[in-house]
Structures are given as structure tokens and as C-alpha cells.
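Peer 1: Below is the sequence, then the predicted model.
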Amino acid sequence: MPRWNHGLVIGKFLPPHLGHKFLIDTARSQVDRLTVMICDRPEYGVDGRLRADWLEEIHPDCEILLIHDDLPDDDSYLWAENTKRVLGKSPDVVFTSEDYGGPYSRFLGCDHVLVDKAREAVPCSGTLIRSNPHEHLNFLAPCVRAHFVKRICVLGAESSGTTTLAQALAERYQTDWVPEYGREYWIEKMRKGEEEHWTEDEFVHIATEQSRREDIAARTANRVLFCDTDAFATSLWFQRYMDRRSETVEAVPKDRPYALYFLTDVNIPFEQDGYRDGEHIRHWMHDLFIDRLTETHRPYHLLTGPHEARLNEALSTLTSIGIPPP
């Protein structure tokens, strides 16, 4: 049976890691209800609402509160008074892994449980993870891990080698890649004999589903995730098929995090597999990719020549921006 009614865990959770999870799970097992209070300041770097969303997913049986942090870190009395104001009263117990827990709980007038101060159960800390997130992804829950995985998008006109390159890079980096959902959708559309009829909603669906699949893959990727096209590219294909731009489709990829785009050149032979528009459209699409990548200030690198040369240049470029292969 729980020893206390209402417990509290408080911290920055910058970012939430498995050490925090151990602390929260330990606390939850000993109380009827647990409040997890997240402190936020603009300079913390990782948005407070995002950290709250992560903890709500990881700990759905806890009450997650996001508060503005404008108090001195070392003033336990002020923190206790602020906590009572936020909660309406003192909790019955505070769980921490730090020395501040003692004076903080005394000012609250509640019990204190110190959990794994030596970090023996889970040997990690926020400082350790922030120093090099890529090296410590295994200490992060999938939803948090996805935030720190670097995303690289490979895009280009038809039959320009995007899939071949994305697969090759994923194999070299021992990680996952995300296939092009739009191609899957197009093949099914042709099978039904509906290739002559497109709607804006279809492109919104394609862009949204591409993004959803990518976000799922990022949860388990090894340091970096390679994407064979993205929602941004879908907005360009909308322009190709509908002969206009769409604010609705273009809104889907806004603010999605990519470390770099690789644009594959069209200076390789065109291969018709029965599902492609044709070679006549390749150069126009290639120029459109360049124009829109430039217009939207997306970082991109043009890869040209045969496959092996493209792969080697891609590996060199990724190493230069701090993402070397293993």
C-alpha cells in the first residue's frame, strides 16, 4: 500500500532521461498520486511544453505541471513557498536525487525521500546527456530520443537515385531510413486507375503520413535517420501535378528538423519502371527543388556523378557537420 497520499518530484528534466524515470517510478510506487513539476526558463534551450509532453507520454499516471522558473536555484525557502502557491498546499512527501531535497522538504513541512543520489541504479545525468546527446541516446525514452536524432533528407527528381542513396547511407550508419510514402500511394492510385485525378487533400495526406512515419522511425534510429523525401518535397510534387502552389500543403513541413538535405543530380540515366512521369520532367523538377530549397533557406548539398561518388561525398559532408559514420 502507498505510504503517502500526495507526492512531488520537481526538476528541469533537461532532457528527461532514464534516471528521471527511475526517480519518478520510485516515487509513484509509494504515493496515491504524484505531481511532477517542470521548471522552465527561455534559456534552457529545450522548450518547456515539449518536455512536459514527453513526461506526459512517459508517465501517463502522473500529474505534469509546467511552471516558470524565475527563482534562485539555491533558495530552498522561496522554492518551497512557490511550490505551496502552485499546488495550493504542501505535498506529503518530496522525492529527489539531490541534496537540496532536505532543506526544501523541511520548508514545505513534508517528508523527503532521497533516491539513488550516487546514480548507481541509472548512471546518467542531464549534464552528461547534454554534453553529447548522440553518445547517450540509450538513456533516453523513445519520444525524447527522437528529438536528438539527426535527420537527413535525400530528395530529387524522378530516377535520380534518392532511394539508392538513402538505403546506402542507412546501411553505412547502421541505422534506419524512411521510404517514400508518396510512391506507395501513387502505385496504389495507378492500380485503381485513378492517376488522372488528384485533390489537394491527397497531398496533405501524403505529406502528413510521410512525417508520421518519419517521427516513428526517429524513436529507434541510431544517432541519425535518413529520409527518402519528406513533406517539403510533397509540396513540390503538388505544384507539378496541380500547376499551382498550396499554402495548405506547404504548411505541413514547416518547422520540421533536418540537419541537411542532399539533392541528387539528374546527370545519371533515366530508368522507367512503369510508375514514373518520364525523363522530360526531370530537369524542370530538379530546378524547382533548387529554387524552393533556396527560397525556404533549407541547408542542402548537391550530389552529382555516379552512385559511389555521391555516397563518398555524402559521407564526407556529414562528417564535416559533426555526423561521422561509425
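Peer 2: Thanks, I have the structure now. This is a predicted model, so every value here is computed, not measured.
Peer 1: Buried residues in the longest strand along the chain, which are they?
Peer 2: The longest strand of the chain (DSSP state E) is strand 31-40. For strand 31-40, the buried set under the neighbour-count rule, 16 or more other C-beta atoms under 10 Å, comprises Val31, Leu34, Thr35, Val36, Met37, Ile38, Cys39, Asp40. Bear in mind the C-beta positions are built from the backbone N, C-alpha and C, glycine included.
Peer 1: I'd like to know which elements that strand is packed against.
Peer 2: Here strand 31-40 touches strand 4-11, helix 18-28, helix 48-58, strand 63-68, helix 76-87, going by 3 or more C-beta pairs under 8 Å, 6 or more residues apart in numbering; DSSP states H and E.
Peer 1: just to revisit the earlier point, out of the buried residues of strand 31-40, who's nearest Asp99?
Peer 2: Using C-beta to C-beta, the shortest approach to Asp99 within the buried residues of strand 31-40 belongs to Cys39, at 17.1 Å.
Peer 1: From Val122, how far off is the closest one?
Peer 2: 21 Å (C-beta to C-beta, to the nearest Å).
Peer 1: Double-check Gly109 against Pro91; I have them as touching.
Peer 2: No: counting by C-beta atoms under 8 Å, Gly109 does not reach Pro91; the two are 9.8 Å apart.
Peer 1: So which of these two has more stuff around it?
Peer 2: Pro91 (26 against 12; other C-beta atoms under 10 Å).
Peer 1: residues contacting the more buried one?
Peer 2: Residues in contact with Pro91 (C-beta atoms under 8 Å, 6 or more residues apart in numbering) are His6, Gly7, Leu8, Thr35, Thr83, Leu108, Cys110.
Peer 1: which SS state does it fall under?
Peer 2: Here Pro91 is coil, with the state taken from DSSP: H, G, I helix; E, B strand; the rest coil.
Peer 1: Excluding sequence neighbours, find me the nearest residue to it.
Peer 2: Nearest residue to Pro91, sequence neighbours excluded (C-beta to C-beta, 6 or more residues apart in numbering): Leu8, at 4.0 Å.
Peer 1: Look at Tyr300 and say how many residues are nearby.
Peer 2: Applying other C-beta under 10 Å, we find 18 residues neighbouring Tyr300.
Peer 1: Which single one of the contacts of Pro91 is nearest to Leu288?
Peer 2: Ranked by distance to Leu288 (C-beta to C-beta), the contacts of Pro91 are led by Thr35 at 51.7 Å.
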